[in-house]
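Peer 1: Here is my input; please provide its structure:
(chains A and B)
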Amino acid sequence: MPLRAFEETVLPHLDAVFNYARWLTKNTADAEDLVQEACVRAMRFLSSLRDDDARAWLFAIVRNTWYSRVSRRANMAEAIPLDGARDVRPDGALDPEERLLQQHTVALVRAALEQLPVDFREVIVLREFEGLSYKEIAAVVRVPIGTVMSRLARGRERLMAVLKLTAPMETLR
Amino acid sequence: MSCEHAERDLDTYLDNELDAATAMDIHGHLNECAACRRRVAEREALGRLVRAAPYYSAPDRLRARVLAQTTRARSVRRLLTWAAAAVLVVSVGGGLSLWRSAVTLGDAMADDVVDSHVRSLMASHLFDVESTDQHTVKPWFLGKLDFSPPVADLASIGFPLVGGRLDYVGGRPVAALVYQRQRHTINVFVSPALNDVFTQANVQSLRGFHIHHWVHDRMSFWAVSDLNEAELTQFCEALEAS
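Peer 2: Reported below is the predicted structural model:
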């Protein structure tokens, strides 16, 4: 039975899967638990994987596992208000070095992305980090392609609005 | 092309997801319109910014844990194979190993079915299409799945259809049909029956939910609800007969 296949199917995507899980949970320990639980499920259901798109299949399992955990705990993480980037202000005088500026920008972007509602955040992560096509994202998130488009557009608008207030966009231009 | 038009398709254009003709139109518009070019530049800068956010690689300890998990599963499986082989040798029953893997998969499916049911109720994502009309619900699945689920309305016997959605159960996309009985929700997950898995009809309870499974016309059905056993049985029989 396909345990060898499991390793070949899952391990190559472990970084991608973990990155997605980390952005969903916003926490390393939770992301590790989530990925491990998702792997158990993936192992059970390996025979249902038909085509070669193991990565999108794994994202879908991670996402499902996460929603199950959230609803099991009846603890919608999204209900917790996040004040990430609110009080972070760039101060040019304090960041003279390019490297510092860079780190600062990364922190701002991370905070802005974490602040986004998960529906927007996950499509942006799947698109920008993993380069999934709209069709693949639609399959993972289980929404029509049109919804993927509008979530991407709205998510980016929101990010743009937050970052325009905080980050020096020109620095990366 | 107007700016309004171009703006609407800008993300799709930058993501290379537009059809060639529209992309050409946008391209033409950008040559003429400085404001839209600025928007493109902004979007591209945003993309670079986002991609500069941390990419979290899997920690080594996680990789080790996952590997250990598969190794453990492999040795358990090997043990089961030996046990099944031994049983075969004394010719008690050749179907046992088949039966065992079917039971394991059936349990895993039941578990996942309950998870999806709970998720649908708690994440307030019960419907993608909300309708009591089977002629609205059935066509809605067209193009979203590679099969067409049978959709019946059982309102006449007190189980009205209330909607449907796409779901993901047992690692596969499925059609979820939602029925109502007073205040109880019944989720029915439908997908083509796979030859190699669990085709036995069965009834079980898990975490306070009743689950019925059957195969009809090469379609696999999983019905789950907190409705009492008798009424759920009545519902399933009616659905199977419809």
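Peer 1: Which stretches in chain B count as helices?
Peer 2: Assigned by DSSP state H, the helices in chain B fall at B:3-14, B:20-32, B:34-51, B:60-89, B:96-122, B:134-140, B:229-241.
Peer 1: Would you check that A:Leu11 makes contact with B:Arg63?
Peer 2: Yes. A:Leu11 is within contact range of B:Arg63, at 7.3 Å (criterion: Cβ atoms under 8 Å). (C-beta placed from N, C-alpha, C; glycine too.)
Peer 1: Format the helices of chain B as TSV; extra columns: distance to chain A.
Peer 2: Listed next are these as TSV, based on distance: least, Cβ to the nearest Cβ, whole Å:
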stretch	distance to chain A
helix B:3-14	5
helix B:20-32	13
helix B:34-51	5
helix B:60-89	5
helix B:96-122	4
helix B:134-140	10
helix B:229-241	22
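Peer 1: Mean neighbour count, those helices: which tops it?
Peer 2: helix B:96-122 (a mean of 19; mean count of other Cβ atoms under 10 Å in any protein chain shown).
Peer 1: Can you pull the domain assignment for chain B?
Peer 2: When chain B is parsed with automatic domain parsing, its domains come out as B:3-51, B:57-94, B:98-241.
Peer 1: contact partners of stretch B:7-22?
Peer 2: A:127, A:133-134, A:149, A:152-153, A:156, B:23, B:26, B:36, B:39-40, B:43-44, B:47 (Cβ atoms under 8 Å, 6 or more residues apart in numbering or on different chains).
Peer 1: Look up phi and psi at A:Arg142.
Peer 2: phi 60, psi 50 (degrees, to the nearest 10).
Peer 1: Please name the residues that touch it.
Peer 2: A:60, B:165-168, B:173.
Peer 1: Where does pLDDT dip in chain A?
Peer 2: Within chain A, the set of residues satisfying pLDDT under 70 comprises A:1-4, A:50-52, A:72-102, A:167-173.
Peer 1: Show me what residue of it gets nearest to chain B.
Peer 2: A:Phe45 (3.2 Å; Cβ to the nearest Cβ).
Peer 1: since we're on the spatially closest residue to that residue that is not a sequence neighbour, how many residues are nearby?
Peer 2: Once flanking residues are discounted, A:Phe45 sits nearest to B:Gly171: 3.2 Å by Cβ to Cβ, 6 or more residues apart in numbering or on different chains. Here the count is done by other Cβ atoms under 10 Å in any protein chain shown, and B:Gly171 has 22 residues near it.
Peer 1: now do the one 4 residues further on
Peer 2: Neighbour count of B:Ala175, defined by other Cβ under 10 Å: 24.
Peer 1: So it is in contact with B:Trp140, correct?
Peer 2: No. Using Cβ under 8 Å, B:Ala175 is not in contact with B:Trp140, being 9.3 Å away.
Peer 1: Spit out the residues that contact the two alike.
Peer 2: Residues touching both B:Ala175 and B:Trp140 (Cβ under 8 Å, 6+ apart): B:Gly164.
Peer 1: and the residue nearest the centre of chain B, what is it in contact with?
Peer 2: Central residue of chain B (Cα atoms, centre = their mean): B:Tyr168, 1.1 Å from the mean position. Shown in contact with B:Tyr168 (Cβ under 8 Å, 6+ apart): A:60-61, A:64, A:142, B:116, B:174.
Peer 1: residue ranges of the strands in chain A, please?
Peer 2: Using DSSP state E, chain A contains no strands.
Peer 1: Can you pull the domain assignment for it?
Peer 2: What automatic domain parsing lists as the domains of chain A is A:3-78, A:82-172.
Peer 1: Dump those into a markdown table; add distance to B:Asp153 as well.
Peer 2: Converted to a markdown table, those look like this (distance: least, Cβ to Cβ, whole Å):
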| stretch | distance to B:Asp153 |
| --- | --- |
| domain A:3-78 | 28 |
| domain A:82-172 | 24 |
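Peer 1: still on that earlier bit, pull up the per-residue confidence for the residue nearest to the centre of chain B.
Peer 2: What the model reports as pLDDT for B:Tyr168 is 86.
Peer 1: Nearest residue to B:Val190 in space, ignoring adjacent ones along the chain?
Peer 2: Nearest to B:Val190 is B:Pro149, by Cβ to Cβ, 6+ apart, at 4.1 Å.
Peer 1: Pretty sure that neighbour sits against B:Pro192.
Peer 2: No. With contact defined as Cβ under 8 Å, B:Pro149 does not reach B:Pro192; the gap is 9.4 Å.
Peer 1: With neighbour numbers in mind, choose between those two.
Peer 2: Remark: of B:Pro149 and B:Pro192, B:Pro149 carries more neighbours, 20 against 16, as counted by other Cβ under 10 Å.
Peer 1: packing partners for the lengthiest helix in chain A?
Peer 2: Longest helix of chain A, by residue count under DSSP H: helix A:145-166. For helix A:145-166, the packing partners by 3 or more Cβ pairs under 8 Å, 6 or more residues apart in numbering or on different chains; DSSP states H and E come out as helix A:98-115, helix A:118-128, helix A:134-141, helix B:3-14, helix B:34-51.
Peer 1: which one of those helices lies closest to B:Ala238?
Peer 2: helix A:134-141 (32.5 Å; Cβ to Cβ).
Peer 1: now the angle from that closest one to helix B:3-14?
Peer 2: 80 degrees (axes from the mean of the first three to the mean of the last three Cα atoms, to 10 degrees).
Peer 1: Name the residue of chain B that lies nearest to chain A.
Peer 2: Counting by Cβ to the nearest Cβ, chain B gets nearest chain A through B:Gly171, at 3.2 Å.
Peer 1: residue contacts, that residue?
Peer 2: A:41-42, A:44-46, A:48-49, A:57, A:60-61.
Peer 1: Need the residues touching each of B:Pro149 and B:Pro192.
Peer 2: B:Met219.
Peer 1: before we move on, back to that, can you tell me which of the helices and strands packed on helix A:145-166 is nearest to B:Asn228?
Peer 2: Taking Cβ to Cβ, helix A:134-141 is the member of the helices and strands packed on helix A:145-166 nearest to B:Asn228, at 34.5 Å.
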